[in-house]
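>>> Below is the structure, and that's it, no one-letter string:
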């Protein structure tokens, strides 16, 4: 192959013209076919490790402090991260994932939140929302699976506090 052909081959590869020059220069069509195949294969969906890494990155960018709206209190609550439960990463639906995390409010209440991320591959994962799963161990919702899809089921409000001398079940 001449020096001019080599230069043209490199230029065609850089400019993505391999298919157009495939009939003129040997090697162009084969290289173009490999590039086209690589571009046609979609990237794999995110793994649990990818979701964990994105959750950690997202929390780190906020110095492990977030603010959420507590609908039962009717106001926003500032929360500090206690722990990210990496064993709880779940695909809620195709392209939507959640991981559970524990936080503490300035008043000392423990909040369990589900942090939702969406994306078709690890490079496209983005934070979507945070739902309050429980406060001080009292659930706001539970999870159940229907037709292979995870769904939330709301839980009734926290029962009233017991009066001194009253036993649970006597309510």
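Perfect, thanks for sending it. From a predicted model like this one, the values you see are computed outputs, not experimental measurements.
>>> care to break the chain down by domain?
Using automatic domain parsing, the domain parsing of the chain gives 3-40, 48-154.
>>> got TSV for those, with mean neighbour count and mean pLDDT too?
Any C-beta I mention is one placed from the backbone N, CA and C, and that applies to glycine too. Converted to TSV, the domains of the chain look like this (neighbours: other Cβ atoms under 10 Å; pLDDT from 0 to 100):
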stretch	mean neighbour count	mean pLDDT
domain 3-40	13	48
domain 48-154	15	94
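>>> if I look at the nearest residue to residue 43 once chain neighbours are set aside, how far off is residue 44?
Leaving out its chain neighbours, the residue that sits closest to residue 43 by Cβ to Cβ, 6 or more residues apart in numbering is residue 121, at 3.9 Å. The gap separating residue 121 from residue 44 is 7 Å, by Cβ to Cβ, to the nearest Å.
>>> thought residue 152 was touching residue 141?
Yes - between residue 152 and residue 141 there is a contact under Cβ atoms under 8 Å: 4.5 Å.
>>> Between those two, which contacts overlap?
residue 131 (Cβ atoms under 8 Å, 6 or more residues apart in numbering).
>>> ok, which stretches of this structure are helices?
Using DSSP state H, the helices of the chain run over residues 3-15, 18-21, 28-40, 48-61.
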